[in-house]
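Trainee: sequence plus the predicted model coming up.
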Amino acid sequence: MKEQLQRRLIPTYFNEFQCIGGACEDTCCAGWRIDIDQKTFKQYKKESNPAIKNELQKNIKRNRSATVNAFTYGQFKMDENNACTMLTKEGLCGIQNRLGENALCHTCTIYPREISTINNIFEKTLTLSCPEAARIVLNHPEGLDFIEEEGIESISPSRNFVHSNEENELFWKIRIFMIDTLQNRKFSLEIRLLVIAMFLQNHLDSPSLEIDSLLQKYNSYLSFNDLATMFKDIPINYDNQLQLSLSVLNHPSSKEFNNITENIKKH
């Protein structure tokens, strides 16, 4: 049976990513919950390789929460440092070392890649919680740009979104505006983000407002050469800045991130 081609939307930097393994200054195997999909969890439970069988049985557990799904069926147990118990002293995955890359669960196979479908279009991106992915994305000379293509997708998406025709039209109008604004290098990144934030707040405050009129209004702002001067008159809300900073600094993450935040707090 011939496999069906899927429409895909991929950022130009996506295929540049390659995991650097133990050479990374951080690890994706610590600081967060690592879910195991149902299919892989059952394979781990039936694993017969004596080199890893007992270790696997000891270090995985079922997810009993009310929100469990096929992608969050199980979890890896974490050690006292909040690291995956299958992580080796060299900072490598014990499962991949002994069983090969094909034995990895869905989470470990795709991270830091994120794959979703939106109205039957596969969309891929990289999450910036991975230092190597962040370097690729933030240092990409062409900035934010996308490739539309057709291909056979072997990995199931983690999230699926389906919109009505009306919702899909609204979604793409807003999305194109945001991408165009981010690509507009006439203004600093701070100004571009502020325009997007104001637009979204305006839309949320007045959802009944005709979207084309709102987009026209904000696109006209981007035609002003003195836009930065206009924004200087907006008062700075230090309380909001403080609350946002504290929410980031007090959010537990990897050991490296926690060390950085502790140094920030001291100074």
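Mentor: Arrived safely, thanks for sending.
Trainee: where does the stretch 101-250 of the chain have low pLDDT?
Mentor: Along the stretch 101-250 of the chain, segments meeting pLDDT under 70 are nowhere present.
Trainee: and the strands in it?
Mentor: For the stretch 101-250 of the chain, the strands defined by DSSP state E, counting those that start in this stretch occupy 113-118, 121-126, 146-151, 159-161.
Trainee: what pairs with the shortest one, parallel or antiparallel?
Mentor: Going back to what we said before, that points to strand 159-161. Partners of strand 159-161 in the sheet, by DSSP bridges, are strand 113-118 (parallel).
Trainee: and the strand it pairs with with strand 121-126, angle?
Mentor: Here the directions of strand 113-118 and strand 121-126 differ by 160 degrees (axes from the mean of the first three to the mean of the last three Cα atoms, to 10 degrees).
Trainee: neighbouring contacts of strand 113-118?
Mentor: The contact list for strand 113-118 (Cβ atoms under 8 Å, 6 or more residues apart in numbering) reads 14, 17, 122-127, 153, 155-161, 163, 171. C-beta here means a position set from N, CA and C on the backbone, and glycine is covered the same way.
Trainee: winner for burial among the strands of the stretch 101-250 of the chain?
Mentor: Among the strands of the stretch 101-250 of the chain, strand 121-126 has the highest mean neighbour count (mean count of other Cβ atoms under 10 Å), at a mean of 18.
Trainee: what is that one packed up against?
Mentor: In terms of contacts (3 or more Cβ pairs under 8 Å, 6 or more residues apart in numbering; DSSP states H and E), strand 121-126 is packed against strand 6-11, strand 113-118, helix 131-138.
Trainee: and that strand, C-alpha only, in PDB?
Mentor: Output of strand 121-126 as PDB, limited to C-alpha atoms (Å, rounded to 0.1, in the frame of the first residue of the first chain):
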ATOM      1  CA  ILE A 121      -0.800  20.200   8.000                       C
ATOM      2  CA  PHE A 122       2.300  18.800   9.800                       C
ATOM      3  CA  GLU A 123       4.200  21.600  11.500                       C
ATOM      4  CA  LYS A 124       7.700  21.100  12.900                       C
ATOM      5  CA  THR A 125       9.800  23.300  15.100                       C
ATOM      6  CA  LEU A 126      12.600  23.200  17.700                       C
END
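Trainee: outside of it, which residues touch it?
Mentor: For strand 121-126, the surrounding residues in contact (Cβ under 8 Å, 6+ apart) are 6-11, 13-14, 17, 112-117, 133, 136-137, 153, 157.
Trainee: could you redo the last one with a cut-off of 6 Å?
Mentor: The contact list for strand 121-126, computed with Cβ atoms under 6 Å, 6 or more residues apart in numbering, reads 6-10, 14, 17, 112, 114-116, 133, 137, 153.
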